[in-house]
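[1] no sequence for this one, just the structure:
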């Protein structure tokens, strides 16, 4: 029995799915028409009622976020779409925008109408030029078709390649032309965001989910998912699975079920550890196969649903090596604004490099954990919290592997064994 | 370490009571937790926090535990970013192990990439990082890795050096430059641990306030080029002092080692300079220790040569000459209030004359009457700028001529969009930064624009000393103040001018604002000084004194702190100095001492006690920073000459003078009246004729900046500014060489095309390559010829 419920991804398998013709063929831009005939507040209420929660990682109720925008304040309001998808393992917005950019544009029209914004900004990370081209074309087509330009304008902005710009206030700084570094809150973006005006910052998937909710109603959306995590979402499986990719299913599906859909772990291997929501969420092991993958279920098991980016690692992988790679990423991406993140990631990489080489003692593991404790919750934004998550969780589940590696005074795993090309040639 | 002081406040404020480490404290709404803790004497360690900068929360050193009405924050919070709230309970490192561990953790992280080169670092011994590492850090580092390294140091300007590996990236310097100085020329570049303070290649860090970044740097990352490696803080003797460079009135600290001033820092005075000063005040002090300082009295012998003499000999020669001649007094605008009082009393008591003028610069009769009618005893303050609804600038460029006034204006512009209007011929960088309205006038025609200004009773007019260069301008300013009820403040450039006015070092005023022509006023001072009579004629102005030397009406001069090249009649002045019997009180050889008959060396500011009155009339007193100087104050020497002349000044010491000044009751009688002066008619100009206008830049060829090469390195470029329209008609492009000339001479400058009145050409008054008063003998309002070379 398939668990797949394709809503966002319903027509991704059609060759021309990204064109305005295909989108219109499947009823595209009807939701916008319907929404624009409603009162803006009714649109907000509908989204509130649907139970849609932010798909960027934190899971904040989308309708409530829209409701925070003060109305009748004689100020410009802005909608900003966060398409700076940069987390290791996270790969849902990129395929979504490649396969169906118009659903985001329609979502923008509806969301901007609801919060009384004339401008919507789409901030796309700079590395994905193919996505930028595709969205640009879609915007152009939407203007030509008259969907845009009649009350809502969309501005596409390309980032310069910084993970931190996925943090909403850093994104706003970057959008304004400054170096992307997180801003002090309060004021929150809903009060003083882009150009100090009330601003909603939403993830691509959140906004793209809106047209279907408008079309099918809150009840329909409510009927999917679990008690507090409603609707369907994109789960991205990558790594040591047979058929990696995006799987759209109601919230609350388990990894066991998803692995079935993805054809299981690669041949002849077994699951060792995995991330539920990208590299900044604490890792899980094969003991967590039946955790319901919704906001509450994952949190109860000690991690976060995040961006539902499930990176799967089999038993050939050195957990220390994987954690080192992630930590190197966070060191490279730390913006430098605050001490714990800037200096902490610098130090963590050096310690992990030693551990990866089998240098050190058990005392170094305690030191590593203590440094993580001095970083987590002490930094300016959540980047550093994410940076220490894999370290702390790997030590929680795989402390013995660290000790074995130290006893071995060298790596226990052949890095080549974990590569996919080895499996292919074997 | 920077801590706050309680700001004087008269507004009624809402108080919020919070509990910090078990102690209750009530603070005004909006107070940050870190400040509330300070009020209890609880010092939370911090780096990025600065009470005068916007909170940033970057260093994370000040983490504390906070709960509000029983709900605790899940994580430790940065106490520098969170305002107090009712029901808040705060636990700092003193009562919370979590806060303590968080702080120790951050400190350890701050130090992993720090070179720990304290033994060779300028900041060692006075370093917040060093101090707080001792109070809030671990005794041993657990870091065994590789530290970040950078090439060091790099010059971010000729004055400021950056050692990037020492930097803790608190962003105080960049925030200061942006928020306070309005010069965002430095910024943080790169990211992660490679983040660093950087400059923009095309726009150098030429800020008049850059020295403050060195002072507020909480580590040794930013150092001053002229102080680097010169001293250790614990070898310095620090003395509270006041700045002698302008009339802003900065509180300062002078640091001396073995009799030599090594550096000066901004002092902390919330009502004047807050915690800032300008680079001139900070870095121009070598003139005091210049090798050419006068050390012995000199007397001109029969052969006409100046030769060394003993003090009794020199004093006797001075007294004899002054008695034998009809003598007048010229005192510059840089002497202290007490010294100015000494000169004022000396003129009346020893010489029996009102021929005294402190205005060793361009001046006018209109100005003298304005000073007596409007300025003496006036009470406008910085606080009035804080409260004003509109500030009108007349003949005054605050950034160049009184930088702390500029900072105060900038603060109010940033905080509450204070409206600033400038009446001038050229739009200045400073007025642009203040987002000021620019009322363009032809040089000399300011009076018309002043009369048309729309002010209210909550406005303030800041009028500079250059207003006297436009006939009728000061008359118009007075009329505008009367018509609108706006406050009026006169802001001179020199530190001693306001004090000199109050001391009566001018021909129409006796001490305390008493008009010379007023019988009661004279009787007051007569009784106060124990004299039988005082001269009742209004004395000559400086220009009239020089004229009188030519006619023989005056034959003797006693001159203190005057540069004859500062006026527009310098040839006249030098000629007079040649002709007359001259007694010169000076610190170093000058155009005056060369022409003097008796030269008496006096103490420089760091060698004596005294006070200035800043533009507000606020006393700025200071102690001798160099303890054992043998140099005497002007006052002491004047007393000695007077005694030799048989007159007793009773002013043996600065303390005695200060006491005498303080015991003089204020003048309650009528102020002198001002006779209105009509504006002159604008001249008709030929195609190649312009009207010159200029002002002195903060950093220029000023005598007190002599020998400060690093400081001079950040001076603004010398240019001649003309309007786009005139440039077009003359075929001039930016960068073309222009020759400005008149009957006296010429000067060649590179052209800059900018916002300026079509009639006008602007050039700096006394900068490298453009000394207008020497080269042309004019500085404002005169017609000059301009040729493209």
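    Perfect, I can see it now. Since we're looking at a predicted model, the values are computed, not measured.

[2] Write out the residues of the stretch 251-400 of chain A neighbouring chain B.
    Within the stretch 251-400 of chain A, the positions adjacent to chain B are A:331-340, A:342-347, A:350-351, A:367, A:371, A:373-375, A:377-380 by Cβ under 8 Å from any Cβ of the partner chain. (Each C-beta comes from the backbone N, C-alpha and C, glycine too.)

[3] Can you tell me the number of residues neighbouring residue B:400?
    24 (other Cβ atoms under 10 Å in any protein chain shown).

[4] hang on, it in a strand?
    No - if the criterion is DSSP: H, G, I helix; E, B strand; the rest coil, then residue B:400 is helix and not within a strand.

[5] isn't it right up against residue B:698?
    Yes - with contact defined as Cβ atoms under 8 Å, residue B:400 reaches residue B:698; the gap is 5.0 Å.

[6] the helices in the stretch 101-250 of chain A, which residues?
    With DSSP state H, counting those that start in this stretch, the ranges of helices along the stretch 101-250 of chain A come out as A:101-115, A:129-144, A:168-175, A:189-192, A:204-222.

[7] With distance to chain B added, can I get the ones you listed in JSON lines?
    Output for the helices of the stretch 101-250 of chain A, formatted as JSON lines (distance: least, Cβ to the nearest Cβ, whole Å):
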{"stretch": "helix A:101-115", "distance to chain B": "28"}
{"stretch": "helix A:129-144", "distance to chain B": "22"}
{"stretch": "helix A:168-175", "distance to chain B": "11"}
{"stretch": "helix A:189-192", "distance to chain B": "14"}
{"stretch": "helix A:204-222", "distance to chain B": "24"}
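
[8] Residue A:228 is nearest to which of those helices?
    Nearest to residue A:228 among the helices of the stretch 101-250 of chain A is helix A:204-222; the distance by Cβ to Cβ comes to 11.2 Å.

[9] what angle sits between the closest one and helix A:129-144?
    For helix A:204-222 against helix A:129-144, the angle by axes from the mean of the first three to the mean of the last three Cα atoms, to 10 degrees is 60 degrees.

[10] on contacts alone, who are the packing partners of helix A:204-222?
    Helix A:204-222 sits against helix A:30-36, helix A:40-50, strand A:78-83, helix A:93-99, helix A:101-115, with contacts defined as 3 or more Cβ pairs under 8 Å, 6 or more residues apart in numbering or on different chains; DSSP states H and E.

[11] can you redo these as JSON lines with mean neighbour count and mean pLDDT?
    What follows is the helices and strands packed on helix A:204-222, written out as JSON lines (neighbours: other Cβ atoms under 10 Å in any protein chain shown; pLDDT from 0 to 100):
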{"stretch": "helix A:30-36", "mean neighbour count": "18", "mean pLDDT": "97"}
{"stretch": "helix A:40-50", "mean neighbour count": "19", "mean pLDDT": "97"}
{"stretch": "strand A:78-83", "mean neighbour count": "28", "mean pLDDT": "98"}
{"stretch": "helix A:93-99", "mean neighbour count": "22", "mean pLDDT": "98"}
{"stretch": "helix A:101-115", "mean neighbour count": "27", "mean pLDDT": "98"}
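
[12] Point out the most buried one among the helices of the stretch 101-250 of chain A.
    With neighbours taken as mean count of other Cβ atoms under 10 Å in any protein chain shown, these reach their highest mean count in helix A:101-115, at a mean of 27.

[13] Kindly reformat the helices of the stretch 101-250 of chain A as a markdown table and extend each row with distance to residue A:413.
    Below are the helices of the stretch 101-250 of chain A laid out as a markdown table (distance: least, Cβ to Cβ, whole Å):
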| stretch | distance to residue A:413 |
| --- | --- |
| helix A:101-115 | 41 |
| helix A:129-144 | 34 |
| helix A:168-175 | 36 |
| helix A:189-192 | 44 |
| helix A:204-222 | 35 |
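
[14] Out of these, which is closest to residue B:243?
    The closest of these to residue B:243 is helix A:168-175. By Cβ to Cβ, the value is 38.2 Å.

[15] Give me the contact list for that closest one.
    Contacts to helix A:168-175, defined as Cβ atoms under 8 Å, 6 or more residues apart in numbering or on different chains, come from residues A:80, A:82, A:84, A:121, A:123, A:157, A:159-160, A:162, A:164-165, A:179-183, A:185, A:189, A:193-194, A:199, A:201, A:335, A:381.

[16] Please repeat the previous calculation with a cut-off of 6 Å.
    Here helix A:168-175 makes contact (Cβ atoms under 6 Å, 6 or more residues apart in numbering or on different chains) with A:82, A:123, A:157, A:164-165, A:180-183, A:193-194, A:201.

[17] what's the answer for stretch B:500-512, then?
    Contact with stretch B:500-512 is made by B:331, B:340-341, B:343-344, B:354, B:356-358, B:368, B:371-372, B:376, B:516, B:525, B:538-540, B:613, B:664, B:666-667, as judged by Cβ under 6 Å, 6+ apart.

[18] Weed out the non-buried ones from these.
    When these are checked for burial by 16 or more other Cβ atoms under 10 Å in any protein chain shown, the buried set is B:331, B:340-341, B:343-344, B:354, B:356-358, B:368, B:371-372, B:376, B:516, B:525, B:538-540, B:613, B:664, B:667.

[19] Tell me which entries of those residues lie within helices.
    Among the buried ones among the contacts of stretch B:500-512, DSSP state H puts B:340-341, B:343-344, B:368, B:525 in helices.

[20] and those near chain A, which?
    Contacts with chain A are made by none of these, judged by Cβ under 6 Å from any Cβ of the partner chain.

[21] Tell me the one among these nearest to chain A.
    The nearest member of these to chain A, counting by Cβ to the nearest Cβ, is residue B:340 at 49.8 Å.

[22] Report the contact partners of residue 40.
    No chain in the question, so chain A it is. By Cβ under 6 Å, 6+ apart, the contact list for residue A:40 reads A:113-114.

[23] To clarify, I was referring to chain B.
    By Cβ under 6 Å, 6+ apart, the residues touching residue B:40 are B:20, B:23, B:25.
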